[in-house]
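J.: Pasted the sequence and its predicted model underneath.
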Amino acid sequence: MKNLLLLLTSTAYIVFIFYYLSIQRLPMWSLYLLAITNLLSFIFYGMDKLAAIKHWQRTPEKHFYVLALLSGWPASVLGQIVFNHKTSKVSFRRCFYFMSLVNATTVVGYLLY
């Protein structure tokens, strides 16, 4: 149920961004930023999961936080679900949710006011 809520929130955010892109309230570079940060976020979760399994060097958590802050959190949510990664570490989830909330609040606040 929690995963469904996170996926719906992520989808709503993406739809919101695309709506504002379509009415030209957002510059085109924001679409590129969204695409790059989301692609990197998903890839980082997959690579870090593989690194955890193989006991290789892990991706620092601050990289995940920065990507979430730069609008990469929707794909991060998907990466967490698909790779079943970073789903039980409470301290990580709190900071991740905070960064996601800061990003969403900033973007939505900018567009609505």
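T.: Cool, got the structure. The shown structure was predicted, so the numbers you read here are calculated from the model rather than taken from an experiment. Residues are numbered from 1 along each chain as shown.

J.: For the helix or strand where residue 107 lies, which helices and strands make contact with it?
T.: If you go by DSSP states H and E, residue 107 is part of helix 90-112. Applying 3 or more Cβ pairs under 8 Å, 6 or more residues apart in numbering; DSSP states H and E, one finds that helix 90-112 contacts helix 2-22, helix 61-67, helix 73-83. Glycine gets a C-beta too; all of them are placed from N, C-alpha and C.

J.: highest average neighbour count across those helices?
T.: helix 73-83 (a mean of 22; mean count of other Cβ atoms under 10 Å).

J.: And the longest helix along the chain, how far out from the chain middle?
T.: Looking across the chain with DSSP state H, the single longest helix is helix 28-54. Per Cα atoms, centre = their mean, to the nearest Å, the displacement of helix 28-54 from the mean C-alpha position of its chain is 8 Å.

J.: Just the buried residues of that helix, please?
T.: The neighbour-count criterion (16 or more other Cβ atoms under 10 Å) identifies 34, 37, 38, 40, 41, 42, 44, 45, 47, 48, 49 as the buried residues of helix 28-54.
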